Every structure is written in C-alpha cells, then in structure tokens.
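Student: just need the structure, nothing else, for what follows:
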Amino acid sequence: MFKLNGFNVFLVVLVVAASATSDRSYAQSPFDYQGDARAGLIRRDPDWFRAARKATGLEPKINPRGLTVVAGRYGATRERAERDARERLRRAVADWLAPDAPRSFVVGEAEIDRLIRERRVEPVALDIGTVYLAAYRVDFSPQSRDHILRIYDDQLVKRRLVELVAAIAFILALLGAIAGYIRADEATKGYYTNKLRLVAAGAIGAAAAGSYFVAFR
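Tutor: Prediction:
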C-alpha cells in the first residue's frame, strides 16, 4: 500500500512541477504549437512549416534537388489562406517551367496536386487575433518538370494540328466560294453580280469566323 511520507511527497511535487514546466515550454510562443481542443492534445508544427511563417509574403526559392516550401499570406479563414497559397504555387510553377513553357500555359489541377508532397493549413496566433496560414512542400525536381513539359508539348502539337486543319478548311471554303460565285455569275450572265458578291463575301466571312473559332477557342 502506498504510504505518503516525506520522500513520496517530494516525488509527487517533482513530477507535477516537471509536467507544468513541460506544458509551459510548449506555450512560450504561439508559433511553436497548435492545440487540438477535441483531443486535448498539444503538438508542435514541423520545422518546414515554422520556416514557412518566416517566408510569408516572399516568393519561394525553388530547390531543384529537394522539396521547396511555398507559403501563402495570412488569411482570415482557412479557405482564403489556402487560395492564396495555391495562387502563389501556380506562379512558382510558371517561373519554374519558363522559358520552355509560356506563362499562358495552364497547368492542370491534377498536375499541381501531383507536385505537392505535404500540405498544412493551420491557425496562427497574432497580436491582431487568430489568422490562418497555408503552406505546401512541393517537388520541383527535374523529373517533375520534364513530366509537365511533356504534357505541354503534347498540347502544343494538338493545337497546331487543329490550327492547320482550320486553315486548310478556310482555304477550301474560300476557293469554293470564289468558284461558286464565278459559276453563278456566268449562269446569270452578270444580272446578279452585286448580290452574288455579297453572298460570296458572307460565305467567306462565315468560313473565316468558323476557322478562327476552331483554331483559337
């Protein structure tokens, strides 16, 4: 049976003091932990996420040999914080692909997600109140870059084929309209020349508009 003597009282006091000191060490800075109220737990953020706070508002420095931390700006809600981080990631990807892919090239959401190795959206305590920060650890390796550039090349080839087909279709429509105008003008012996010209011009305009829509939609 446990007896409460002087030595045992000393041990109890020592354990309580150590526990309180341990809790205070976690609570010294609002940047060192985030509490989970449901589980009653306190945990530390990983080093990369703590470093992301220092990089808030700065453009990420891409590391082609490892993972790069991309952080957005502080947001009033989780959604705003992650939206800002996502936009910053897109800009970083565009810089990373240049000059082999133009900024007009839109990388698909699936490919963006493929680059992300770890993501976090956490509340951060500031003097103005609690805000949120979203950050990603992103794979900017040469292999990932080559994979996205192959997708860009495939899209470029398809686009050029579509433009070629549209150009050929327009030329054929143009020649057909001219030939039709000449035959109709000869058949009517020039009585409807002006009207036939308007019809031919309209046909050529429609062909041009259709070709442009197909090529540049």
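
Student: average pLDDT for the host helix or strand of Leu89?
Tutor: Using DSSP states H and E, Leu89 maps to helix 78-97. For helix 78-97, mean pLDDT rounds to 94.

Student: got the CA positions of that helix in PDB?
Tutor: What follows is helix 78-97, C-alpha atoms only, in PDB (Å, rounded to 0.1, in the frame of the first residue of the first chain):
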ATOM      1  CA  ARG A  78      -8.800  28.600 -44.000                       C
ATOM      2  CA  GLU A  79     -10.200  28.900 -47.500                       C
ATOM      3  CA  ARG A  80      -8.600  32.300 -48.100                       C
ATOM      4  CA  ALA A  81      -5.300  31.200 -46.800                       C
ATOM      5  CA  GLU A  82      -5.200  28.100 -49.000                       C
ATOM      6  CA  ARG A  83      -6.500  30.000 -52.000                       C
ATOM      7  CA  ASP A  84      -3.600  32.500 -51.600                       C
ATOM      8  CA  ALA A  85      -1.100  29.700 -51.200                       C
ATOM      9  CA  ARG A  86      -2.400  27.900 -54.300                       C
ATOM     10  CA  GLU A  87      -2.100  31.000 -56.400                       C
ATOM     11  CA  ARG A  88       1.400  31.600 -55.200                       C
ATOM     12  CA  LEU A  89       2.200  28.000 -56.000                       C
ATOM     13  CA  ARG A  90       0.900  28.500 -59.600                       C
ATOM     14  CA  ARG A  91       3.100  31.500 -60.100                       C
ATOM     15  CA  ALA A  92       6.100  29.500 -58.800                       C
ATOM     16  CA  VAL A  93       5.300  26.700 -61.200                       C
ATOM     17  CA  ALA A  94       5.100  29.200 -64.100                       C
ATOM     18  CA  ASP A  95       8.500  30.600 -63.200                       C
ATOM     19  CA  TRP A  96       9.900  27.100 -62.900                       C
ATOM     20  CA  LEU A  97       8.700  26.000 -66.300                       C
END
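
Student: packing partners for that helix?
Tutor: strand 67-71, helix 109-115, strand 116-126, strand 129-139, helix 142-187 (3 or more Cβ pairs under 8 Å, 6 or more residues apart in numbering; DSSP states H and E). In this view, the C-beta of every residue, glycine as well, is placed from N, C-alpha and C.

Student: could you look up the SS state of Val107?
Tutor: coil (DSSP: H, G, I helix; E, B strand; the rest coil).

Student: I would like the residues contacting whichever strand or helix holds Arg50, please.
Tutor: Element membership for Arg50 (DSSP H and E) is helix 47-54. Contacts with helix 47-54, where a contact means Cβ atoms under 8 Å, 6 or more residues apart in numbering, come from Phe31, Asp32, Leu67, Val69, Ala71, Glu118, Arg120, Glu122, Val124, Leu133, Ala135, Arg137.

Student: give me the residue at the spatial middle of the chain.
Tutor: In the chain, the C-alpha nearest the mean C-alpha coordinate belongs to Arg90, at 3.9 Å (Cα atoms, centre = their mean).
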